[in-house]
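Visitor: A structural model of the following input is requested.
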Amino acid sequence: MQKPSLRTACATLALACALPLSANAAEYPSKQIRMLIPFQPGGSTDILARVVATHLGQAWGQQVVADNRPGANGIIAGEILTKSPADGHTLLFVAMGHAINSLIYRKLPYDTERDFTPVSLAALYSQLVLVHPSVPARNVRELIALAKAKRMTYASGGIGSSQHLAGALFSHMAKIEMSHVPYKGGAPGLIDVMGGNVEMMITQPTSTEHIKAGKLRALAISSPKRSPYWPDLPTVSEAGLPGYQSEAWYGLVAPKNLPADVLKKLNEETVRALRAPALKENLAIQGGTPVGSTPAEFTSFIKAEINRYAKVVKDAGISVE
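Guide: Numbering: from 1, shown residues only. Below is the predicted model:
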């Protein structure tokens, strides 16, 4: 009997190694999926993550359990994910801080670009430049002029939050200095702006009622284009700060080394969830736009966000021990 050649043996071994990988997608998910959410229940990240989780569960007939693990601007949840098996049964819904943390924390328990598999950019949220009615500025140009004459204060949902970076970018580009007042979440920060304790905040328009009631004045929108939901509001860029753009965003990531076929299946179903008409309508009310990207596009997006805010963070001296 003729012995198999070295080439035949290698080919057989390669085929054997490839079989488990190609079988992954057919078997996935084979058990309950854990969806880590890095913030408290009830916020924008939590709401969107649960909508996607519900869709995945219904599509695959496997329960997708939401697991809120707030703390350290998403780092706690991120570390949990990096220690989880790369089989697609543990996922993490991230916000802007996922990219920014690498710039503001001196030490992270993981490498943001190396230790995760980006699945899809989920949604972009426009933010409004809001001021207390007592602030004598009716537009962005007047706001900048006022901030050059006196040091103003701006609120945020915490160090490294989308509101913090939006305000820091505004200060950086307008060449002004403002005092940052961080809160444990966007809601308490906005309450203090309405109370007149802080002068302004750049944040998601989660409620129109306060603006309609005159408790807040909206000057502009942070997105590169006007929003159909806020058609009368100019962008910050066209209203006096050319080139300004700062949007809150959310996305889905998995542990590094996720099998390619599992990633493909997970990405396709996530995109399907994000492009559902009902979700689009729901996000529009909050100033959000569903995206649904490829993994490669989301990877590039995260890198671009890190690069875009690097100088802003450095110049503003934003850091956490």
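Visitor: number of nearby residues for Val51?
Guide: 19 (other CB atoms under 10 Å). Just so you know, the C-beta spots here come from the backbone N, C-alpha and C atoms, and that holds for glycine as well.
Visitor: for the stretch 201-321 of the chain, what spans make up the strands?
Guide: 217-221, 248-255, 288-290 (DSSP state E, counting those that start in this stretch).
Visitor: actually the stretch 51-200 of the chain, sorry about that
Guide: 64-68, 90-95, 116-125, 128-131, 152-156, 178-182, 200-203.
Visitor: TSV please, covering those strands and showing distance to Glu297.
Guide: Formatted as TSV, the strands of the stretch 51-200 of the chain follow (distance: least, CB to CB, whole Å):
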stretch	distance to Glu297
strand 64-68	23
strand 90-95	15
strand 116-125	7
strand 128-131	27
strand 152-156	28
strand 178-182	31
strand 200-203	26
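Visitor: Put together TSV for these, with mean pLDDT on each row.
Guide: Converted to TSV, these look like this (pLDDT from 0 to 100):
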stretch	mean pLDDT
strand 64-68	96
strand 90-95	97
strand 116-125	96
strand 128-131	96
strand 152-156	96
strand 178-182	95
strand 200-203	96
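Visitor: any chance of these in JSON lines, plus distance to Pro228 and mean neighbour count?
Guide: Output for the strands of the stretch 51-200 of the chain, formatted as JSON lines (distance: least, CB to CB, whole Å; neighbours: other CB atoms under 10 Å):
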{"stretch": "strand 64-68", "distance to Pro228": "30", "mean neighbour count": "17"}
{"stretch": "strand 90-95", "distance to Pro228": "24", "mean neighbour count": "26"}
{"stretch": "strand 116-125", "distance to Pro228": "14", "mean neighbour count": "25"}
{"stretch": "strand 128-131", "distance to Pro228": "14", "mean neighbour count": "26"}
{"stretch": "strand 152-156", "distance to Pro228": "26", "mean neighbour count": "24"}
{"stretch": "strand 178-182", "distance to Pro228": "30", "mean neighbour count": "16"}
{"stretch": "strand 200-203", "distance to Pro228": "19", "mean neighbour count": "27"}
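Visitor: so which of those gets nearest Leu241?
Guide: strand 128-131 (9.6 Å; CB to CB).
Visitor: What is that closest one packed up against?
Guide: Helices and strands touching strand 128-131, as assessed by 3 or more CB pairs under 8 Å, 6 or more residues apart in numbering; DSSP states H and E, comprise helix 140-149, helix 186-194, strand 200-203, strand 217-221.
Visitor: All set now, cheers.
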